[in-house]
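Visitor: attaching a predicted model along with its sequence, questions to come.
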Amino acid sequence: MDVKQYVTEKAKKAKAASRLLANISTEIKNNALFKMAAGLEKETAKLISENRKDLMEAEKKGLSKAMIDRLTLDHERIKAMADGLREVAALPDPVGEVIKMQRRPNGMEVGRMRVPIGLIGIIFESRPNVTADSAALCLKSGNGVLLRGGSEAVHSNIAIVDVLSKAGEEAGIPDGAISFIDNPDRACVMEMLKANQYVDLIIPRGGEGLIKMVSENSTIPVIKHDKGVCHVYVDSNADLAMASDICFNAKVQRPGTCNAMEAMLVHKDLARTFLPEVLKRFVQAKVEIRGCPRTQEILPGIKAAIDKDWDTEYNDLVLNVKVVDSMDDAMDHIAAHGSQHSEAIVTNDYQRSRRFVREVDASAVFVNASTRLNDGYEFGLGAEIGISTTRIHARGPMGLEELTSTKFIVLGSGQVRK
């Protein structure tokens, strides 16, 4: 079977399963999620064993520490995957919900009902946990899912999908509703992007290169989970202890994620007080600082930030620092270099915080909180399918509601148009 035929057959089967899944009861879906969670925990040893194969290959290829961290599965992360499935099961089922019902002058009632999108194709890199999160959210929202993970995680993903599919089918989920393209040939991705007869939506999750390639080649609507060039602006009247904790968390807690801070913007009035103290924490955490000329004056010996640094998502312990004259200066920098992902201000000035929230363009804007909190779980959505940086249909963390569309429903009593 050639690549095109292989992908077409996978997509065709998944599409047929999605039509059945759309009408399955909440009880069956929830029971399937619980069985899938139990299956992951039961097969922990097998999943870790398969994951080791991917880690060995990653080390041979010289992948970065951040990439290897994303790729790694251990007991804690597998338990987190299972807990994520259970949390999705506990969430309200959006399918069939009727919203905005209103009575028209002619007596008919018009409303909107939430319905599944159909078959969702998800193309992602590195993180095996994306497999479980995606399957759970698509299942609960009544969508079939066609997964294509990166070759660096192929053993891990095949093992995870095998566990999820078997558990789901035992609970009454249609065969093929959770499908995985296990052929490592990159041509499979191109064929998947052209399978618009079967696939209703494409969601890419990965680096800038992947997002660009998918956006340029897909004949299917795309919701992008784009790169995260995220900023924290420390305002002139910020609580310095709070600012230090927020900035440290945003950069160091898990630097390989898309919501990690890549640039810290500090108001000139407190730069000489704040920067030397926060630098000590970053140095202890082995963070490499790259600064603007004014930052270099305050912190002699640090590396100079060059133009391309301000647009770079490092996914590593590297941080750009810039001293700014005002909040307007900070917002101008964010507008020029941000990726519309996550932006934060640390301030005690209420009016400035309101203005920052209103004027800064991003999928999530934070006041006195870390950008690392831009996450479906932290926002109460359960596991997320990704963080949309587009404006169409969904923006920010995408949970169950974001994986549904709506259709108008009309309840009449004989009305006709005059």
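Guide: Thanks, I have it. Numbers count the residues shown, from 1 in each chain.
Visitor: now the strands for the stretch 151-300 of the chain?
Guide: Counting by DSSP state E, counting those that start in this stretch, the stretch 151-300 of the chain has strands at residues 178-180, 201-205, 230-234, 261-267, 288-291.
Visitor: Asn320 should be in a strand, yeah?
Guide: Yes: with DSSP: H, G, I helix; E, B strand; the rest coil as the criterion, Asn320 is located in a strand.
Visitor: from now on call the first residue 684
Guide: Renumbered: residue one is now 684, and that last one reads Asn1003.
Visitor: rebuild the strands of the stretch 834-983 of the chain as JSON lines, extending it with distance to Phe1062.
Guide: The way it works is simple: take the backbone N, C-alpha and C, and place the C-beta from them, glycine included. Compiled in JSON lines, the strands of the stretch 834-983 of the chain are given as follows (distance: least, CB to CB, whole Å):
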{"stretch": "strand 861-863", "distance to Phe1062": "25"}
{"stretch": "strand 884-888", "distance to Phe1062": "17"}
{"stretch": "strand 913-917", "distance to Phe1062": "16"}
{"stretch": "strand 944-950", "distance to Phe1062": "18"}
{"stretch": "strand 971-974", "distance to Phe1062": "30"}
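Visitor: so which of the ones you listed comes closest to Glu724?
Guide: Each of these has some distance to Glu724 by CB to CB; the shortest is strand 861-863, at 17.8 Å.
Visitor: quick one: buried residues of that closest one?
Guide: Using 16 or more other CB atoms under 10 Å as the test for burial, strand 861-863 gives 861-863.
Visitor: wait, which of those is closest to Lys736?
Guide: Lys736 lies nearest to Phe863 out of the buried residues of strand 861-863, by CB to CB, at 16.3 Å.
Visitor: what comes up buried for the helix-or-strand element of the chain with minimal mean pLDDT?
Guide: The helix or strand of the chain with the lowest confidence, counting by mean pLDDT, DSSP states H and E, is helix 748-754 at a mean of 84. If you call a residue buried by 16+ other CB under 10 Å, then helix 748-754 has these buried ones: 749-754.
Visitor: farthest pair in those residues?
Guide: Among the buried residues of helix 748-754, the pair separated by the greatest distance (CB to CB) is Ala749 and Leu754, at 9.7 Å.
Visitor: can you list contacts of the helix or strand harbouring Lys687?
Guide: Secondary-structure element containing Lys687, defined by DSSP states H and E: helix 686-704. Contact with helix 686-704 is made by 684, 799, 801-802, 804, 822, 825-829, 856-860, 862, 864, 866, 868, 870-871, 874-875, 878, 880-882, as judged by CB atoms under 8 Å, 6 or more residues apart in numbering.
Visitor: just the buried residues out of these, in ChimeraX syntax.
Guide: The buried subset of the contacts of helix 686-704, as determined by 16+ other CB under 10 Å, is captured in ChimeraX by this line:
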select :799,801,802,804,822,825,826,827,828,829,856,857,859,860,862,864,866,871,874,875,878,881,882
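Visitor: the residue lying closest to Thr1030 once chain neighbours are set aside: neighbour count?
Guide: The shortest distance from Thr1030 to any non-neighbouring residue, by CB to CB, 6 or more residues apart in numbering, is to Asp918 (3.6 Å). When neighbours are counted by other CB atoms under 10 Å, Asp918 registers 25.
Visitor: spit out the contact partners of Asp918.
Guide: For Asp918, the contact set (CB under 8 Å, 6+ apart) comprises 950, 1010, 1028-1032, 1035.
Visitor: quick one: which of the residues you listed sit in strands?
Guide: Taking DSSP state E as the definition of strands, these contribute 950, 1028-1029.
Visitor: contacting residues around stretch 1088-1098?
Guide: Outside of stretch 1088-1098, the residues within contact range by CB under 8 Å, 6+ apart are 781-782, 789-800.
Visitor: with the residues you listed in mind, which one is nearest to Asp1044?
Guide: For those, the minimum distance to Asp1044 (CB to CB) is 25.9 Å, reached by Ile800.
Visitor: I'd say the closest one and Asp883 touch.
Guide: Yes: proximity of Ile800 to Asp883 meets the contact threshold set by CB atoms under 8 Å, at 5.2 Å.
Visitor: in a markdown table, list the strands of the stretch 834-983 of the chain along with mean pLDDT.
Guide: As requested, the strands of the stretch 834-983 of the chain are arranged in a markdown table below (pLDDT from 0 to 100):
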| stretch | mean pLDDT |
| --- | --- |
| strand 861-863 | 97 |
| strand 884-888 | 93 |
| strand 913-917 | 98 |
| strand 944-950 | 98 |
| strand 971-974 | 97 |
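Visitor: now do Trp993 against Leu768, distance only.
Guide: Using CB to CB, to the nearest Å, Trp993 is found at 39 Å from Leu768.
Visitor: if you could redo that for Glu724, that was the one I meant.
Guide: Between Glu724 and Leu768 the distance, using CB to CB, works out to 10 Å.
Visitor: so for the two, which residue has more residues nearby?
Guide: Neighbours were tallied for Glu724 and for Leu768 using other CB under 10 Å; the higher tally belongs to Leu768 (30 against 15).
Visitor: now the residue nearest to the more buried one when sequence neighbours are not counted: which helix or strand?
Guide: In space, not counting the residues next to it along the chain, Leu768 is nearest to Ala720; the distance is 4.0 Å by CB to CB, 6+ apart. With the criterion set as DSSP H and E, the secondary-structure element containing Ala720 is helix 709-725.
Visitor: what's the following helix or strand after that helix?
Guide: helix 727-744.
Visitor: if we can go back for a sec, want to throw the buried residues of helix 748-754 into JSON lines with distance to Ala850?
Guide: Formatted as JSON lines, the entries for the buried residues of helix 748-754 read as follows, by distance: CB to CB, whole Å:
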{"residue": "Ala749", "distance to Ala850": "31"}
{"residue": "Met750", "distance to Ala850": "29"}
{"residue": "Ile751", "distance to Ala850": "28"}
{"residue": "Asp752", "distance to Ala850": "28"}
{"residue": "Arg753", "distance to Ala850": "25"}
{"residue": "Leu754", "distance to Ala850": "23"}
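Visitor: which one of the residues you listed is nearest to Arg1074?
Guide: Of the buried residues of helix 748-754, the one sitting nearest to Arg1074 (CB to CB) turns out to be Arg753, at 27.0 Å.
Visitor: all good on my end, thank you.
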